[in-house]
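J.: structure for this input, please:
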Amino acid sequence: VHKRLMLVATISLLQAPIARWFAVLLAPPAPPGGLSLPPPLPLTIPPGIVADLLLVVAIVYDWRTRGRPHPVYLIGGAVVLAFQLTAPIIGGSEAWRGVAAWIGALGG
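T.: Got it, this is the predicted structure:
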């Protein structure tokens, strides 16, 4: 169970590096001498889906070797997918901006 939980947690962290690929390949170039703006929050969903494909590979492997997928993959995958789909909605709210500002103030 622990090994599978660690795999689900690691796959959920891969969304940020995969999003960098999307940013490099799909983002327009920054204006000369200026900083580019961060992408809109809904654009975080495709990199999350790409990361989830690694979880699908683990589920298929378990299905082939054990005859059924492990419950950790199913429950953990559902939680990660729910987080990825709701993060753009919650991340744009004023409540979340207040929480993020409070967390940022803790650092300095």
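
J.: may I have the worst-scoring helix or strand of the chain on mean pLDDT as CSV, with CA atoms only?
T.: Least confident helix or strand of the chain, by mean pLDDT, DSSP states H and E, is helix 15-26 with a mean of 86. What follows is helix 15-26, C-alpha atoms only, in CSV (Å, rounded to 0.1, in the frame of the first residue of the first chain):
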residue,chain,number,x,y,z
GLN,A,15,2.0,18.3,-13.0
ALA,A,16,4.3,21.3,-12.6
PRO,A,17,7.2,19.9,-14.7
ILE,A,18,4.9,18.7,-17.4
ALA,A,19,3.2,22.1,-17.5
ARG,A,20,6.6,23.6,-18.3
TRP,A,21,6.7,21.5,-21.5
PHE,A,22,3.3,23.0,-22.4
ALA,A,23,4.5,26.5,-21.6
VAL,A,24,7.6,26.2,-23.7
LEU,A,25,5.9,24.6,-26.7
LEU,A,26,2.5,26.5,-26.7
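
J.: from here on, count from 423
T.: In the new count, where the first residue is 423, that last one comes out as helix 437-448.

J.: what's in contact with it?
T.: 461, 465-466, 468-470, 472-473, 506 (CB atoms under 8 Å, 6 or more residues apart in numbering). Glycine gets a C-beta too; all of them are placed from N, C-alpha and C.

J.: and that helix, what's buried?
T.: The neighbour-count criterion (16 or more other CB atoms under 10 Å) identifies 437, 440-441 as the buried residues of helix 437-448.
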